[in-house]
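Chemist: generate a structure from the sequence data that follows.
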Amino acid sequence: MKPDDKKKAAAEAALVYVESGWVIGVGTGSTANHFIDLLARIKNRIEGAVASSRATEERLRKHGINVLDLNATGNLPVYVDGADEATRHLHLIKGGGGALTREKIVAAASAKFVCIADDSKLVDVLGRFPLPIEVIPMARSYVGRRIVAHGGEPQLRAGFTTDNGNLILDVHNLEILNPVELEGELDHIAGAVTNGLFARRPADVLLLGTDSGVDKIE
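Modeler: Now for the predicted structure:
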């Protein structure tokens, strides 16, 4: 099965977590896009969606799905999003698309986080995929020096600005053995808005598209 077909299978499996009358959180990226396209089939059953990025907002609206503001909705029953890496402990690296801050906010506000991915994203140890960190522009150099002290190699994501008007440092060569601890340490660096570790609030369910179907890890 092609990787894109695996992503679509995982996205379709996530529809069972969406109940009538709900406002749901929707993530960003290629797998989340499959979910949005499939969600359009049942759009009349839901009240609407909270988007984790402007790109997701636009895709939802093109399908005629009502886009709502998290400040108005309050907490959400479920959030569906992809990942760049995932472990069997349901710890994730996210932010390859640069929407990590809004993704983390929507995940935190949701009772259940359903992560959808193809099986190539499953790893034993996080860090092969560069860890994104959103930084306030004036702090770019300072945050970079602090990352080097952690043993990482930060690279500025060239020509990219987040929806929040900030920059992304992609941190290479990390072997993340304790993602919960590292997530907290990175969050305390002045000028770092958010990092792409989703470990303190991990996924609740991981749906992995494979050659033989969709595997569920809880």
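
Chemist: can you tell me how far the residue positioned nearest the centre of the chain is from residue 64?
Modeler: The centre of the chain sits closest to residue 94, judged by C-alpha atoms, centre = their mean, with a distance of 4.5 Å. Using C-beta to C-beta, to the nearest Å, we find residue 94 at a distance of 27 Å from residue 64. All C-beta atoms are positioned from the backbone trio N, CA, C, and that covers glycine.

Chemist: residue 123 against residue 88, yeah?
Modeler: No - counting by C-beta atoms under 8 Å, residue 123 does not reach residue 88; the two are 9.4 Å apart.

Chemist: same drill for these two, tell me which one is more crowded.
Modeler: residue 123 (17 against 10; other C-beta atoms under 10 Å).

Chemist: how about that one: what's its closest non-neighbour residue?
Modeler: Closest residue to residue 123 in three dimensions, ignoring its sequence neighbours and counting by C-beta to C-beta, 6 or more residues apart in numbering: residue 85, at 5.2 Å.

Chemist: what ranges does this protein have for its strands?
Modeler: For the chain, the strands defined by DSSP state E occupy 23-26, 48-51, 76-81, 85-86, 92-93, 110-118, 131-135, 153-156, 167-172, 192-195, 197-198, 205-210, 213-217.

Chemist: and this structure, what are its domain boundaries?
Modeler: Partitioning the chain according to automatic domain parsing yields domains covering residues 3-123+200-217, 131-195.

Chemist: about what we covered before: would you turn the strands of the chain into CSV with distance to residue 12?
Modeler: Listed next are those as CSV, based on distance: least, C-beta to C-beta, whole Å:
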stretch, distance to residue 12
strand 23-26, 15
strand 48-51, 17
strand 76-81, 11
strand 85-86, 18
strand 92-93, 20
strand 110-118, 9
strand 131-135, 27
strand 153-156, 35
strand 167-172, 30
strand 192-195, 29
strand 197-198, 22
strand 205-210, 9
strand 213-217, 8
